[in-house]
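S.K.: coordinates for the following, if possible.
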Amino acid sequence: MNRRKFIKNSLLATSGLSLAGLTTWHHFFDGEVFNPCSLDAIPDEILNHELMAKVIDGIDFNSLWDCHFHLIGNGLKPSIDNLSSGGWLSPKMTSWSSPMQKLQYEFYLNAGCINNSEFADKEYMQAVIKMAEHLPKGIRFMLLAFDYQHDEDGKANQPDSTFYMPNEYAARMAKLNPLFEWIASIHPYREDAVEHLQWCVENGARAVKWLPPAMNIDPASEKCNAFYDALVKHQIPLLTHAGDEKAVHSEELQKLANPLLLRKPLEMGVNVIVAHCASLGEAEDIESNSQKKISNFNLFARLMEDSNYKQNLLGDISAINLFNRNIDEVKQIISNQHWHERLLYASDFPLPGVMPIVSSTNLASHHLLSKETVEFLSKLRLHNSWLFDFAQKRLLEVDGISFSNKVFSTRHHFTQSI
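M.R.: Here you go, the predicted structure:
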C-alpha cells in the first residue's frame, strides 16, 4: 500500500469518518486530500487569468519577504549542501503509537513534496527552490530555525521538545541561495542566549522566532530581560506565536501563548510581530479582576489599539485562512484598514500544501471569496501551493475591503528599525 492510501485509511480509522462523511468532507475541502506536488511551470491559462492580474497588481516583489516559512528536516541524511542539517524530530512524530502526530507529520511531508522521509532535508529544499522558479522574481523566503524546549534553569529538554532546527543550518541555507533570508530561534533562558544572538546577527539573522508553549518561554518573565535588551540593541524583531498551539497538550504551557504576556517586551522597546494575529483559542484576561477567558484575537486587538505600541507591535497573517479560524475575526483583520501598515504577509509554508486545512469553498461560503475565485484558486493550488496562499490572501474581501499592498511589502520591517 502506498503512503497516500495508507494515510487516507489511517485518517478514516482515527477519525471514524463514514463513506458519506468522507464525501461531505471532500466537497467542503475543495475535493483534494493530498498535494499533487506538480512543480513544473504553471499553465498559461492560470498565469494569464484576469484574477492573476488582480493578484499581482501593484505588488513590488522585491519588497515581499515571507516572514513565516518553515525549514523541514530530521538530520538523517545530508541536505543540499552535502552536510547534515543537525535537525531533530521527536519520535512521537514518526511512530504510529502516536497516530495523530504521525498523521500530522505525514501530511507535512506531503505538503513539502518529500517522497522519502529519510532524505527529508534535501528533498524539501530542492522542492522549495524548484517551486520558486515559477514565482515572480525578487520574492524571498525567511527560513525559520527552531530551538529546543528549555527548563527553568535554561537547560535543553529534548524529550519534551517537538523538533529542533539549528540556527547554523538556517544560516547556511540562506547563504546558499539569494531566494532565502533566515530567522533565528534562541531560547531566552539559555545561559548563552545574548552571546548566541550576537553570532546570529553577524551571520545574517533578520529576526528571532519563539513558540512559547512548545519552548516553555514566559514572555513576561524577568529571565527574558537581558535578551530583550539585546534585541533592542541589534534592532532585531521578535516573531512570536500567540494563541492556542495545537502541538502542545499541556494547559499550563498553553497559558504562555496569552497575547497579554507580550506587554513586557513591547514596553522594553522590542519590535514584536505576533504570528497569526493570535487568531486561535481563548486565554484568561489577566488584566481584569474576573480573569475570564476571552478570545486570544481580542486580546491581541487590545494591544494593537493601544497607542503606546503603534510603533513596535505588528501581526503576521499566516494561517488566518485555515478552516479552524473564527470567520468574524478573520473579517476584522481584513476590514481594520488602520492595521494594514502593521500587518505582514506570511504563508506558514508548507501548511498551504496541507490540502484539508485550507478551504476556498469554506471562505466563499462566508462571502470572503467569489465562486469564480474559488475555481481559479483550486486550479492554482494544484501547481504551486505558495502562490495559492499568496493569491488567496490577495483576493480575500470583506464589504469591498481587501488587504492593502502595504501588507505585502514586508522587507523594510527587517532591514531597518520600525
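
S.K.: tell me, what residue is most central in the chain?
M.R.: Among the residues of the chain, the one closest to the centroid is residue 348, at 2.6 Å (Cα atoms, centre = their mean).

S.K.: wait, what's in contact with that one?
M.R.: Residue 348 sits next to 68-70, 276, 318-319 when contact means Cβ atoms under 8 Å, 6 or more residues apart in numbering. For the C-beta atoms, the positions are set from N, CA and C on the backbone; glycine is no exception.

S.K.: so the spatially closest residue to residue 301 that is not a sequence neighbour is in which element?
M.R.: With Cβ to Cβ, 6 or more residues apart in numbering as the criterion, residue 301 has its nearest non-adjacent residue at 7.2 Å, and that residue is residue 332. For residue 332, the host element (DSSP states H and E) is helix 327-335.

S.K.: quick one: the residue nearest to the centre of the chain and residue 37, what's the gap?
M.R.: Separation of residue 348 from residue 37 (Cβ to Cβ, to the nearest Å): 18 Å.

S.K.: one more: residue 104?
M.R.: 18 Å.

S.K.: that older thread, and the helix holding residue 332, what does it pack onto?
M.R.: helix 296-304 (3 or more Cβ pairs under 8 Å, 6 or more residues apart in numbering; DSSP states H and E).

S.K.: list the buried ones in the helix it packs on?
M.R.: Residues 296-297, 299-301, 303-304 are the ones in helix 296-304 that count as buried (16 or more other Cβ atoms under 10 Å).

S.K.: what's the angle from that helix to helix 327-335?
M.R.: With axes from the mean of the first three to the mean of the last three Cα atoms, to 10 degrees as the basis, helix 296-304 and helix 327-335 are set at 30 degrees to each other.

S.K.: run me through the strand neighbours of whichever helix or strand comes after helix 296-304, direction for each.
M.R.: Using DSSP H and E, the helix or strand that directly follows helix 296-304 along the chain is strand 313-316. Next to strand 313-316 in the sheet, as set by DSSP bridges, lie strand 272-275 (parallel), strand 343-344 (parallel).

S.K.: what does the shortest one contact?
M.R.: Strand 343-344 is contacted from outside by 67, 273, 277, 314-317, 333, 403, 406-407, 410, 413, using Cβ under 8 Å, 6+ apart.

S.K.: surely residue 239 is within a strand?
M.R.: Yes - per DSSP: H, G, I helix; E, B strand; the rest coil, residue 239 lies within a strand segment.

S.K.: and the pLDDT for it?
M.R.: pLDDT, residue 239: 98.

S.K.: okay, now the unreliable bits of the stretch 301-418 of the chain?
M.R.: Residues of the stretch 301-418 of the chain meeting the criterion pLDDT under 70: 417-418.

S.K.: how about the helices of it, start to end?
M.R.: Per DSSP state H, counting those that start in this stretch, the stretch 301-418 of the chain carries helices over the ranges 327-335, 360-365, 371-381, 385-395, 412-415.

S.K.: out of those, which one sits most buried?
M.R.: By mean neighbour count, with neighbours taken as mean count of other Cβ atoms under 10 Å, helix 385-395 ranks first of the helices of the stretch 301-418 of the chain at a mean of 24.

S.K.: just the C-alphas of it, formatted as CSV.
M.R.: Extracted C-alpha coordinates of helix 385-395, given in CSV (Å, rounded to 0.1, in the frame of the first residue of the first chain):
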residue,chain,number,x,y,z
SER,A,385,0.8,25.9,-3.0
TRP,A,386,2.8,29.0,-2.0
LEU,A,387,1.4,31.1,-4.9
PHE,A,388,-2.1,29.8,-4.0
ASP,A,389,-1.7,31.1,-0.4
PHE,A,390,-0.5,34.5,-1.6
ALA,A,391,-3.3,34.7,-4.2
GLN,A,392,-6.0,33.7,-1.8
LYS,A,393,-5.0,36.3,0.7
ARG,A,394,-4.8,38.9,-2.1
LEU,A,395,-8.3,38.1,-3.1
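
S.K.: all the strands of the stretch 151-300 of the chain, residue numbers only.
M.R.: 163-164, 180-184, 205-210, 238-241, 272-275, 282-284, 293-295 (DSSP state E, counting those that start in this stretch).

S.K.: shaky segments in this protein?
M.R.: 1-29, 31, 247-251, 417-418.

S.K.: looking at it, which residue ends up farthest from its center?
M.R.: Farthest-out residue of the chain from its mean C-alpha position, per Cα atoms, centre = their mean: residue 289, at 33.5 Å.

S.K.: for that residue, what are its contacts?
M.R.: Not one residue lies near residue 289 by Cβ under 8 Å, 6+ apart.

S.K.: residues of stretch 80-94 that come out buried?
M.R.: 80, 85-90, 92-93.

S.K.: of those, which is the nearest to residue 53?
M.R.: Residue 53 lies nearest to residue 80 out of the buried residues of stretch 80-94, by Cβ to Cβ, at 34.3 Å.

S.K.: for that closest one, helix, strand, or coil?
M.R.: coil.

S.K.: run a quick neighbour tally on the closest residue to it other than its chain neighbours.
M.R.: Leaving aside its sequence neighbours, residue 80 sits nearest to residue 125 (Cβ to Cβ, 6+ apart; 4.7 Å). Using other Cβ atoms under 10 Å, residue 125 has 23 other residues around it.

S.K.: what about residue 125, which helix or strand?
M.R.: Using DSSP H and E, residue 125 maps to helix 120-132.

S.K.: now the angle from the next helix or strand after that helix to helix 120-132?
M.R.: As assigned by DSSP H and E, the chain's next helix or strand after helix 120-132 is strand 140-144. Relative orientation of strand 140-144 versus helix 120-132 (the same axes, to 10 degrees): 160 degrees.

S.K.: pull the distance from stretch 303-314 to the chain's centre.
M.R.: Mean-position distance between stretch 303-314 and its chain equals 22 Å (Cα atoms, centre = their mean, to the nearest Å).
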